[in-house]
Every structure is written in C-alpha cells, then in structure tokens.
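J.: Could you work out the structure for the sequence below:
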Amino acid sequence: MKKIAFSGTLDPITNGHMWVIQEARELADEVVVLLSENPFKKPQFSAARRKQIVERSVAAKGWSNVSVVLVRGDYTARAAKRQGIDFLIRGIRNTSDFDYENLIQQANVDVLHGAKTLFVMPPRDLGSVSSSFVRGLQGPVGWHWSTRQFMPAPAYAAWILDWLRKDWDSLWPDGHAAADAWFERLTGETAYGAPVRAYHNLDHLVHGLTEIAVWAANTGASADDIAVLKKAFWFHDAVYGGTLGGLSNEEQSARLWLASGLDGDTAAQEPAALIRATEHAHPGAHAQRLRDVMLGADLAILGQDDDVYDTYARSVRIEYSHVGEAAYRSGRRTVLAHFLGLANTGALYADSYFRDLYGASARDNLAREIAALR
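T.: Here you go, the predicted structure:
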C-alpha cells in the first residue's frame, strides 16, 4: 500500500493516536495525518497549533514518512480520496467505538464515496486513552503528572505551556505592557524552561500554582491573596543555580521580580517577601502573613505519593550531577535531616491545610530517602 491516512481533531494527540500512526506506517509507505478543523468543536488549540504539535511529536519519533494536512470544510474521507488515498485507519478500543466507527465507515463509502476504513485494536494499556480522557484529568493537584504518561513529549510540553499562559494572564486582567515579555522569559531557557533544570522547571511551576489554587478553593482565600501568592511563585525560582555577588538565588529572584515593574512599588513588596521566604535555611528571617502557605506550596512535593517523590529525588540528583556522589549524598542527607526534624515537630508545614494533607507522608518520604542515602 502506498498511502494511508489517519484522521482526527487530535486535541491533544495522545500515545493512543501515536500507536495507530505507527501501525499505519507498517501498512503503507506513507502516512498522512488529516487534521480536521471542525467549526462545531472548541478545541484547546487552534488547527495550526495542533498541526505543529503533531509534526513535532512525529519528528521526535524520527518518522520521516508521516505528514500532516489540515482539512477545512470537507469530510476527511472525501479529502483523503482527493489526495489519492484509498484507506483510512482508525483505532477501535471497545464495542462502542466499533458501533460508532462502523456507521462512519458506511457513510464514508456509501454516501460520500470516500476512502474506506481499516480498523486496528490498540494494546490493553492504551485501551482507555483518548483526547477527552486526557482533557478530563486537568485541574486537580498532580494533573500534569497524570497527563504526561498519556501524551508524546511535544504535546505535553505544549499542553502545560498553554495552561501556564492562562494562569499567567489571569494575574493581569487589565493587561500589562511587559506581561508577554516576562512570560516568555520565565518559561524560556534562562528560567524554568532551561534544559538543565530537571526539577526546578515548568513542572514545578505547574505543581505549585495548582497547590495554591486548590488551597484557596478549600480555605476560601481572597482573590487578592491568591494573586500575591501566585506572583511570588512564578518568580520564586526564576534564578536558580549558584549565588551571585553573595546573593542567594531567592534574593536574586526577589530582585528580579521587583525590577520587572509588573506591580507598583508598594504592591510588589509582598510577593518579594514571599520569594525571599523560600530560602528554606532561613525562612524565619522573612516574616509575611502568607509565608506559611507559600512554603507549603513550595514543599508540597515532599508529601506526594512514593512514585512522585522518587521521581523528584532523582530529578534533584540530575540537577546536581556536577557534584560527586559522596559529596552529594552527604549534602543531601543534611538537607533532608533538616526537613525531617521540622516534620517530626509539625513545623515543616506551618499552615494547617498543608500539614494535614502532607505532613505524615512527608515524614515517611524523607526518612526513606535518608535511609537510601546512607
């Protein structure tokens, strides 16, 4: 077979879609992904952006024989036929899928005189993966860790960047001349988007911002307090990886926030104090009424499920790959012992919401990693 087509909205493209494309590559010399632009659907991404994401996902696999074509104002089966493609390929996950796809197949051939459809069944681990399933995971704490396993890396990167953009824009409802430039800077390669950041990266940013949002939903926090906390969290690790002129990363990040001009001089002081408070060796030096919440969100990773915590621990080691093993183990044990001491006295999470949620599991995680480092 020379050509075969795979069609869909692909908002987002999932590992299930990628599996079907791979199957198509085994059946034909060339695979054409027909990306539909349905005016009755409201996808998260524009058709042009989805096309770019699919192209990047395919390129990451090294699939040079897969191309992406936008279909506007036509049925995909008929569009395929016009391009000399006689067969579409679709994944069937269950009997409901078959009943629906069989009706579409009949309409494609009998009514539209378009391409016929071949059906393939994905492996069991992909049987429940769909775009709507992935979209439904978004929102609660940890949603980004859940969605990551179901999407190719370029799609995941685009997904969280879009989420971050919406969160960022919500902080400036009246707009700000510098907001766009600062979003690009903070999410770019000189800050959270830096390739060398294995933990203090965009994922950490998503996690902390989500923790703040869920804390607010459970405590009835004011919109002003939410905004102050989020502004601080956006900047708290903007600078990471070494002191400059004797200034800590936290002090440099606070000064970067103050220099941004995103808030007036008086309003900017509160987020700056919260940023400085994330210098965990000396948090008491930066008294601020929302400090305990800020620290709770920043340290929430310590109280996550074992697999999430273990991934975090491995990521920290990668960030310190320039440090020898013996020195790293010694330094890491010191840091963890400090946190465990706080956890044992109930002081790790001074805010009751975070203490009740993560206190016990943080103690277990810290003790477990300390034991593994001995």
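
J.: Least confident secondary structure element in this structure?
T.: Ranking every helix and strand in the chain by mean pLDDT, DSSP states H and E puts helix 95-106 at the bottom, with a mean of 83.

J.: Name the residues that touch that helix?
T.: With contacts defined as C-beta atoms under 8 Å, 6 or more residues apart in numbering, helix 95-106 is touched by R90, G91, I92, K116, T117, F119. All C-beta atoms are positioned from the backbone trio N, CA, C, and that covers glycine.

J.: So which of those residues are in helices?
T.: Using DSSP state H, no member of the contacts of helix 95-106 falls in helices.

J.: Nearest to L229 among the residues you listed?
T.: G91 (42.5 Å; C-beta to C-beta).

J.: ok, the spatially closest residue to that closest one that is not a sequence neighbour - contacts?
T.: Spatial nearest neighbour of G91, excluding adjacent residues (C-beta to C-beta, 6 or more residues apart in numbering): V20 at 4.4 Å. Counting by C-beta under 8 Å, 6+ apart, V20 touches F6, I89, R90, G91, V120, P122.

J.: just to revisit the earlier point, hmm, which of the contacts of helix 95-106 are the buried ones?
T.: Using 16 or more other C-beta atoms under 10 Å as the burial test, the contacts of helix 95-106 include R90, G91, I92, T117 as buried.

J.: which strand residues sit across from the second one in the sheet?
T.: When bridges are called by DSSP bridges, G91 pairs up with V120.

J.: ok, it - contacts?
T.: G16, H17, W19, V20, D97, F119, V120, M121, P122.

J.: again, only this time at 6 Å
T.: G91 makes contact with V20, V120, P122 under the criterion C-beta atoms under 6 Å, 6 or more residues apart in numbering.

J.: do H236 as well
T.: Residues in contact with H236 (C-beta under 6 Å, 6+ apart) are S253, I275, T278.

J.: Relative to A179, how far out is the residue nearest to the last one when sequence neighbours are not counted?
T.: Right, the one you point to is T278. The shortest distance from T278 to any non-neighbouring residue, by C-beta to C-beta, 6+ apart, is to H236 (4.8 Å). Separation of H236 from A179 (C-beta to C-beta, to the nearest Å): 18 Å.

J.: most centrally placed residue in this structure?
T.: I160 (3.7 Å; C-alpha atoms, centre = their mean).

J.: Need the pLDDT of that residue.
T.: The per-residue pLDDT reported for I160 equals 97.

J.: Only C-alpha atoms, please: export whichever helix or strand it is part of in CSV.
T.: Using DSSP states H and E, I160 maps to helix 153-170. Extracted as CSV, the C-alpha positions of helix 153-170 are listed here (Å, rounded to 0.1, in the frame of the first residue of the first chain):
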residue,chain,number,x,y,z
ALA,A,153,6.6,14.8,25.0
PRO,A,154,6.0,17.7,22.5
ALA,A,155,2.2,17.5,23.1
TYR,A,156,2.7,17.5,26.9
ALA,A,157,5.1,20.5,26.7
ALA,A,158,2.5,22.4,24.6
TRP,A,159,-0.3,21.4,27.0
ILE,A,160,1.4,22.7,30.2
LEU,A,161,2.7,25.8,28.5
ASP,A,162,-0.9,26.7,27.4
TRP,A,163,-2.1,26.1,30.9
LEU,A,164,0.6,28.3,32.3
ARG,A,165,-0.2,31.0,29.9
LYS,A,166,-3.8,31.1,31.0
ASP,A,167,-2.7,31.2,34.7
TRP,A,168,-0.2,34.0,34.0
ASP,A,169,-2.8,36.1,32.0
SER,A,170,-5.2,35.8,34.9
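
J.: Now do the buried residues in it.
T.: Of all the residues in helix 153-170, those buried under the rule 16+ other C-beta under 10 Å are P154, A155, Y156, A157, A158, W159, I160, W163, L164, D167, W168.

J.: Show me the contact partners of that helix.
T.: Contacts of helix 153-170 (C-beta under 6 Å, 6+ apart): P12, I13, I53, R56, S57, A60, H144, R148, F183, L202, V206, L209.

J.: Most neighbours among those residues, which one?
T.: Using other C-beta atoms under 10 Å as the neighbour test, the contacts of helix 153-170 are led by S57, with 29 neighbours.

J.: so where is the stretch 251-374 of the chain shaky, pLDDT-wise?
T.: 282-287 (pLDDT under 70).

J.: just to revisit the earlier point, and the contacts of H236 as a markdown table, adding secondary structure, neighbour count and distance to G241?
T.: Listed next are the contacts of H236 as a markdown table, based on DSSP: H, G, I helix; E, B strand; the rest coil; neighbours: other C-beta atoms under 10 Å; distance: C-beta to C-beta, whole Å:
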| residue | secondary structure | neighbour count | distance to G241 |
| --- | --- | --- | --- |
| S253 | helix | 25 | 11 |
| I275 | helix | 31 | 16 |
| T278 | coil | 25 | 15 |
